[in-house]
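[1] Prediction below, plus the sequence it came from.
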Amino acid sequence: MLYLAQVEINPESAEIQLQVLARQESEYVWSVDNSQTLFLTKESSLCGGVLVLVEIGQEQQIISIQDAKEWILSILQQHLTKNAINPQFIETEQNKVEKWRQEITAQNLELNRRALEIETRREQLQELEQELKRDREELAKLKEKLS
């Protein structure tokens, strides 16, 4: 299994140890894990603070240690290259935002128009109801006169 670790020098024993920072779950998946410290059994010329990639075998023995600088730089380069914000990207995003704003404004205007239309129809219905009520009252009065 592959681990990303930081070289530390134990202040009490002056021995070099590796503080695990993350471990590889699959080819492109890593999980943060700083709960483990690996102790080097062989002499090493690693300096404190250096980041290393450590390959550990089945029985928790260290198989290889390599400087993580190039690996980290390649990941950063890939990530930054893929996600770099360039002027064309910004312009495209601004155009999308402007288009969405215009669509929302148009939808808002349509909703306002419909609400106004509904209010007008409601008022017309109320007027018709009042007119119908008056007509019924007149019919009732005429019916009484005829009776």
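    Nice, thanks for sending it over.
[2] What's the mean pLDDT across stretch 71-85?
    If you average the pLDDT over stretch 71-85, you get 73.
[3] And for stretch 14-31?
    Per-residue scores along stretch 14-31 average to 85.
[4] who touches it?
    Outside stretch 14-31, the residues that touch it by Cβ atoms under 8 Å, 6 or more residues apart in numbering are 1-10, 32-40, 44, 46, 48, 51-52, 54, 65. All C-beta atoms are positioned from the backbone trio N, CA, C, and that covers glycine.
[5] Could you rerun that using 6 Å?
    2-6, 8-10, 32-34, 36-40, 44, 46, 54 (Cβ atoms under 6 Å, 6 or more residues apart in numbering).
[6] which among the residues you listed end up buried?
    Tyr3, Leu4, Ala5, Gln6, Glu8, Leu38, Leu46, Val54 (16 or more other Cβ atoms under 10 Å).
[7] what pairs with the last one across the strands?
    So that's Val54. Counting by DSSP bridges, Val54 forms beta bridges with Tyr3, Ile65.
[8] in this protein, which strand has the most residues?
    strand 16-26 (DSSP state E).
[9] before we move on, which element is Gln77 in?
    If you go by DSSP states H and E, Gln77 is part of helix 69-83.
[10] Just the buried positions in that helix, please.
    Applying 16+ other Cβ under 10 Å to helix 69-83 flags no residue as buried.
[11] can you tell me which of the contacts of stretch 14-31 are in strands?
    Leu2, Tyr3, Leu4, Ala5, Gln6, Glu8, Ile9, Val32, Thr37, Leu38, Phe39, Val54.
[12] who touches Ser13 in this structure?
    Per Cβ under 6 Å, 6+ apart, neighbours of Ser13: none.
[13] helix/strand/coil for it?
    Three-state call for Ser13 (DSSP: H, G, I helix; E, B strand; the rest coil): coil.
[14] ok, now how distant is the closest residue to Gln66 other than its chain neighbours from Leu125?
    Excluding the flanking residues, the one nearest Gln66 by Cβ to Cβ, 6 or more residues apart in numbering is Leu53, at 5.2 Å. For Leu53, the distance to Leu125 (Cβ to Cβ, to the nearest Å) stands at 77 Å.
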